[in-house]
Structures are given as C-alpha cells and as structure tokens.
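S.K.: Have a look at this prediction, sequence included:
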Amino acid sequence: MSETILEVRNLSKFFSTKKGLLHAVDGVSFDLKAGKTLGVVGESGCGKSTLGRTIIRLLEPTAGEVYFEGQDITKLKGKTLINFRKNIQMVFQDPFSSLDPRRTVAQIIAEPIHLHKLAKDKADVERQTLALMDTVGLAHRWHNTYPHQLDGGRRQRIGIARALALQPKMLICDEPVSALDVSIQAQILNLLKELQEERNISYIFITHDLSVIYNFADDIAVMYLGRMVEKAHAEELFRNPVHPYTKALLSAIPVPDINRKRKRIILEGEVVSPVNLPDECRFKKRCNMKCDKCDNGEPTLKEVAPNHFVSCWLND
Amino acid sequence: MDEKLLLDLKDLVVHYVTDSGTVYAVNGISLKLNQRHSVGLVGETGAGKTTTALAILNLVPEPAGVIKNGTIHVDGNNVLTMSEGELQKIRGKDVSMIFQDPMTALNPVFTVGEQIAESIRIHEKVSDKEAMRRAVEMLEIVGISASRANDYPHQLSGGMKQRVVIAIALACHAKLLIADEPTTALDVTIQAQVLELIRSYREKYDTAMILITHDLGIVAETCDEVAVMYAGNIVEYGTLEDVFNRTKHPYTEGLFNSLPNIIERRSKLTPIPGMVPDPTSLPEGCIFADRCSYATDACRRTAQEDKWLSDTHMVRCSRYQEPNFNVKRKIER
C-alpha cells in the first residue's frame, strides 16, 4: 500500500471583486497517494485551475490546510517555501505562452537548475539538460532553437522537461494536452504515464476532457462552482455516477462509436455566477432532479460506497 | 429517395504563397453533398479543412491564398467564377458559415439584435422594423430570451455568443450551413445544447451541413458522411458505417487508435508516430507514408489515387490494389 503524499483539507480560495466575494474554490478536501493520479474535471470557471495553483501556493489560500508528506505547507515562508517548491512542479496548458520566447530550449529547461543551484558547474548543467531532453523525447539537436520554431507537441515536452528538472515528487498538470491534436496528445499522455511508472510521481491532472481523464487517472474529482460534487475511482465514477451533474457531464461526451447510441441528458441554462452565492445547493438551477431539500443550504460530501463520495441532498 | 445534389466540389487546389515558400494547403480534393445531408470534415491542425470551407464561399484570404484549380458548384452555380456582387447574394443566404470562435466573430459595437437583423436586411427586402422582429424571433429559436436583443456581445457568455452566431447563420434559412468547429470553444454541457440546437433546426428546414471538426465523437453523432483529411487531401471518404466500422485508411485507423477510449479503460494509447509533413514541402509519394506502418517503397515513390471500394466508400491508399490488404483495426461490438 502506497503512502499518502498530499492531504488537502477544506481548502478555499475567494477573490474579492467589485460585485462581492467570488468563491473560486470552496472547501475542497481530498487525499492523494504517492505514484497515483487524481483527475480534476469540470467546466470553465469551476475552480479547477485555481485549486491547482492554490495547492502549490502560486495563490495564497483563503482558508484550509495542505499537508505535503505530513507538513502543512500553507504556513511555509521564505527559504523553506522555495525549497518546498522543488517537490511539486507544474505543467501548464498552453505551450505557446508558458515558455519564454527569448530563451532557447536548453536555457528554458536549465532555468530551475540554476535557480535552485543544483549543478556543480556549466558542464553539469549541460549534462542535466541533455538528460532531461532524453527523458521527454526531445532530440539534442533542438537544444539551441527557440520555442516558436517548434510545434505544440515538442513545446509541451519542453514544459514537462522543465517541470522534471528539480526531480519533483508531484506534478500538477493543468490541461497539459488540451492544445494538442489527438495523435500528438496520445504521445504526451504516454510520456506522462511512463514517467509516473519510472519515478513514482504523483499527478494532479486538471482537465475538461472526460475521455482523457478516464484513461489517465486513478481517482476522479468532479468540480462545480468551486465545490467538489463527486469523487470516486475512475472506473466507479464512469460506471455508477451518482450526482446529477456528473451524470449529465458523462452523458454529454460525444462517443466516436456509431454502434452505441446513448440517451443524453441535456442540462438547461448555464453555470451561475460564483459571486455572492445564495444559501442553497449551487447546482439547483440547472439540476434535472431538484427537490425541496435543495433549498436547505449546501449539501456536504457523504461516502455512498467505499471511496465514493457525493455531495447531493438526494443521498443525504 | 432521390435527393438533389447541393454541393459539387471538384479537384480543388489551394495554395498560400508566402515569403517562406508556397504552402500546399489543399491538393486536389473532390466532395459531393446532397440536400439535407451532413458531411464531417475531420482532420488535425493544418489538414486543410478550414481552407476548403472558405473556398466554398470564395473567401480564401487574398493575396496569399490562390485557388489554383477546381470548380465548386453550389446549387448548380460555380462560385469560383461569380462576380463579387453575385457572391454577396449567396453568402449568408444560400450558404452561411458558423465560425469557430464566437468571441471574435461578433462585432463588439453593435447589439446582437442589430447583428442578426443586418443579415436579414441585406438578403431580403424588408423594413428595418420587420428585420428586427425576425431577429428577435431568431434569438428565441436559439434559446435566448427576447429581452437580450439589445445586449452587446460582451454582456453574453461564450455559449450565448455562439448561439447568436448560429442565429445569424440561420436567419435567412441557408440551404448549406458550414460549421467550422462550432463547439470547440465551449464546455461539454453547452456543446451538447448547441449541437442539439443545430440538429433540430436542420431537421425543420432541411439544411445541408458541412461540419468541420477534429472530434470523431461529434461526427458520429451529427453526420451522415465523413471525409478524413490529411495534409490537404481527402484520404478516406464514406458513410459513417464505412468509415467508423469498415475503416480502411491507415491514417483513419491511427486517429481512432490514438483516442482515449471511454468504453475501454487502457493504460497505454497508440499515438501515430512522427508528425504532419511540412506543408511547404510535401513528400513526393504518399503524404502519409512517413508515419504509416503499412508503407512500402512503392508508397514512398508514387502519388496516391482515389480508389472506390463501393459506391459510397473511397480510400486514397495504393495498398488496396493488393487483393487481400486491410488495416488491422478491430471494431469492438
């Protein structure tokens, strides 16, 4: 049995706006085991990227704790915070805007090595950089080129090499394949999978693409307007979705198979604003199974089956 | 049922002449579409899908874009020989287009009602008041309340903007709708709403559709026929049944294999090795040969020709001249 590497407890991130308090992430809790993947899915604005950024303190949490290997990292400051960041690195969505256009591939990959002073001398930096390029399948001949000379797949490999430079125990991947074509997407997903097997890295994999996450994650958390509405093992979540939102989300995936026709649940309306939420279930307005109970404030996460959590009044 | 041929596109060749070389965007494709039918143009970035769509409206961006060869008949008239005035009459009226990005397709300084009414006023002799009345009606058809007609695009969400774009495209009851990745910028539950909207509208007005997408799932649910494009060629064409259940081209096979499957949870995906060829210097022989596990030396030397395997199913792969050749893809049932 592998150990728990990350424990997130009631993590919240609110932003104050002119119109009021925006609940981007609102009381999210979960555990992640070493070498495993938690997929976080949801639609635009559900708080999945904010969750990722708050966990590594690119954003300061409003409330809650994050324990990495037992240590509460929301309290870290100064040098200890910088040192801690070696453990968790991030891979960003857009390989076009997350790479400095004025640096070469080798300079981009070597930057974290310089920042954390992990090399003995110039030759050592070079050796580490080339080794990282090998790891992610980038030919050495690209080391002196600039990102704009490369295609999206190769650029995403640079982003992954940079994230691996500090030998992190955990990667937060924020939509790492959304900007890529399917044939290239499969190459990158396989690469991430191989890295996990070789190095026992844990992943938080943020995406809106449900078929990618089903293939990739061990557990899946579904988010809606800052709340985790359901969490279960990938297989369980796809076979027995419980929350009405999860059900609708799964039924909306277009399946590339003409031999299976499914009944689709079409949700009405759109996501409501996460500013100044009323004291009721925040999915109520779009829910096709709403009842009187839904006015009784927010439902809380309940375990409906082993390791299967749902936040819905119907299961209360 | 005998159905009328609405679009007949033959031997289309489009190049973009740039400082860094000629981009061979579309290299001799032919496509037919009957009334009421919908065809999916599938392929990855740079396959020539959008260029093909723009050519149908004779909108290939000049001066870089040059239509080198081909004829495109829409409802019997060749759009490539029409004058600008004649083209204005059919654009938005007989053939209309839904663009991918609703954020940039709308004019930020006009209300959405005005933008829908504009299209009606241009094509039909109606008063401003009547055009506005019909614009509001269109808004309601696409599921936006009439009270939003005086809103500006920035006041609407992404899903609502795309509905407005669709309302503009449908306002004059086009015979042919070209939808270029209409739901790519939208969330999956909103995508489901928009696809349902297009489906019910087409059913009501017998509109034919060319749907450009990279998503085979959307094709499976909305199209009658599929054309798979690769580096400016249609490499496989057929009915849904032909292409999904009797896949022939190695590239089509590769596309299916690289998809993460939500029915079968597997640990490894099968990507297509290598990358799309540089469109400024396409290989001499088969354009897919470099990435193809079935390719022979002959494939690399000789350009490929269309081979019709049945009345409906075409594949552009010379290996099918061998009597027993077939790709290995298994279809699970």
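M.R.: Right, received. Where do you want to start?

S.K.: I'd guessed A:Ile253 sits against B:Thr189; true?
M.R.: No: taking contacts as CB atoms under 8 Å, A:Ile253 lies outside contact range of B:Thr189: 10.3 Å. Every residue, glycine included, has its C-beta placed from N, CA and C.

S.K.: Sticking with the residue of the stretch 201-333 of chain B found nearest chain A, tell me its helix or strand.
M.R.: Chain A sits closest to B:Gly217 of the stretch 201-333 of chain B, with a gap of 3.0 Å, by CB to the nearest CB. Per DSSP states H and E: B:Gly217 is located in helix B:216-222.

S.K.: what packs against that helix?
M.R.: strand B:38-42, helix B:188-205, strand B:208-213 (3 or more CB pairs under 8 Å, 6 or more residues apart in numbering or on different chains; DSSP states H and E).

S.K.: try it again with 10 Å
M.R.: Packed against helix B:216-222 by the contact rule (3 or more CB pairs under 10 Å, 6 or more residues apart in numbering or on different chains; DSSP states H and E) you find strand B:38-42, helix B:188-205, strand B:208-213, strand B:225-230, helix B:240, helix B:250-258.

S.K.: List the neighbouring strands of the fourth one plus their orientation.
M.R.: The one in question is strand B:225-230. strand B:38-42 (parallel), strand B:233-239 (antiparallel) (DSSP bridges).

S.K.: With adjacent residues omitted, what lies nearest to A:Leu51?
M.R.: A:Val25 (5.0 Å; CB to CB, 6 or more residues apart in numbering or on different chains).

S.K.: Would you mind putting the CA coordinates of the host helix or strand of that neighbour into CSV?
M.R.: Here A:Val25, judged by DSSP H and E, is contained in strand A:20-33. The C-alpha coordinates for strand A:20-33 follow below in CSV (Å, rounded to 0.1, in the frame of the first residue of the first chain):
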residue,chain,number,x,y,z
GLY,A,20,-18.7,40.7,-4.0
LEU,A,21,-16.9,37.6,-2.9
LEU,A,22,-16.1,35.2,-5.7
HIS,A,23,-16.0,31.6,-4.4
ALA,A,24,-13.4,30.1,-6.8
VAL,A,25,-12.5,27.1,-4.6
ASP,A,26,-14.9,26.5,-1.7
GLY,A,27,-14.0,23.9,1.0
VAL,A,28,-12.3,21.2,-1.1
SER,A,29,-10.8,18.2,0.7
PHE,A,30,-9.0,15.1,-0.7
ASP,A,31,-6.1,12.7,-0.2
LEU,A,32,-3.6,11.7,-2.9
LYS,A,33,-1.3,8.6,-2.6
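
S.K.: got the buried residues for that strand?
M.R.: A:Leu22, A:His23, A:Ala24, A:Val25, A:Asp26, A:Gly27, A:Val28, A:Phe30, A:Leu32, A:Lys33 (16 or more other CB atoms under 10 Å in any protein chain shown).

S.K.: B:Asp206: neighbouring residues, count only.
M.R.: 12 (other CB atoms under 10 Å in any protein chain shown).

S.K.: before we move on, what about A:Asp292?
M.R.: A:Asp292: 7 neighbours (other CB under 10 Å).

S.K.: so how far is chain B from it?
M.R.: Noted for A:Asp292: a distance of 25 Å to chain B, by CB to the nearest CB, to the nearest Å.

S.K.: Repeat that for A:Ile220.
M.R.: If you measure A:Ile220 against chain B using CB to the nearest CB, the figure is 11 Å.

S.K.: And A:Ile88, by the same measure?
M.R.: From A:Ile88 to chain B the distance is 24 Å (CB to the nearest CB).

S.K.: and A:Ala232, that one's in a strand?
M.R.: Yes: assessed with DSSP: H, G, I helix; E, B strand; the rest coil, A:Ala232 lies in a strand.

S.K.: Enumerate every residue touching it.
M.R.: By CB atoms under 10 Å, 6 or more residues apart in numbering or on different chains, the contact list for A:Ala232 reads A:219-222, A:238-243, A:246, A:303-310.

S.K.: all helices of chain A, in order?
M.R.: Ranges of helices in chain A, per DSSP state H, are A:48-55, A:78-84, A:105-115, A:122-135, A:152-164, A:182-199, A:210-216, A:234-239, A:244-251.

S.K.: Make CSV from those and add mean pLDDT and mean neighbour count to it.
M.R.: Shown next, in CSV, are the helices of chain A (pLDDT from 0 to 100; neighbours: other CB atoms under 10 Å in any protein chain shown):
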stretch, mean pLDDT, mean neighbour count
helix A:48-55, 94, 24
helix A:78-84, 91, 11
helix A:105-115, 95, 20
helix A:122-135, 95, 16
helix A:152-164, 92, 23
helix A:182-199, 91, 19
helix A:210-216, 91, 23
helix A:234-239, 94, 17
helix A:244-251, 93, 22
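
S.K.: can you put those in CSV and add distance to B:Cys299?
M.R.: Shown next, in CSV, are these (distance: least, CB to CB, whole Å):
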stretch, distance to B:Cys299
helix A:48-55, 45
helix A:78-84, 54
helix A:105-115, 33
helix A:122-135, 31
helix A:152-164, 24
helix A:182-199, 19
helix A:210-216, 31
helix A:234-239, 40
helix A:244-251, 41
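
S.K.: Quick check: which of these is nearest to B:Gly40?
M.R.: helix A:182-199 (14.6 Å; CB to CB).

S.K.: quick one, the closest one and helix B:250-258 angle?
M.R.: For helix A:182-199 against helix B:250-258, the angle by axes from the mean of the first three to the mean of the last three CA atoms, to 10 degrees is 40 degrees.

S.K.: ok, the residue of the stretch 201-333 of chain B closest to chain A - contacts?
M.R.: With CB under 10 Å, 6+ apart, B:Gly217 has these contacts: A:Ser211, A:Ile253, A:Pro254, A:Val255, A:Pro256, A:Asp257, B:Leu259, B:Ile262.

S.K.: still on that earlier bit, so which of the buried residues of strand A:20-33 comes closest to chain B?
M.R.: Looking across the buried residues of strand A:20-33 and measuring by CB to the nearest CB, the closest to chain B is A:Leu22, at 15.8 Å.
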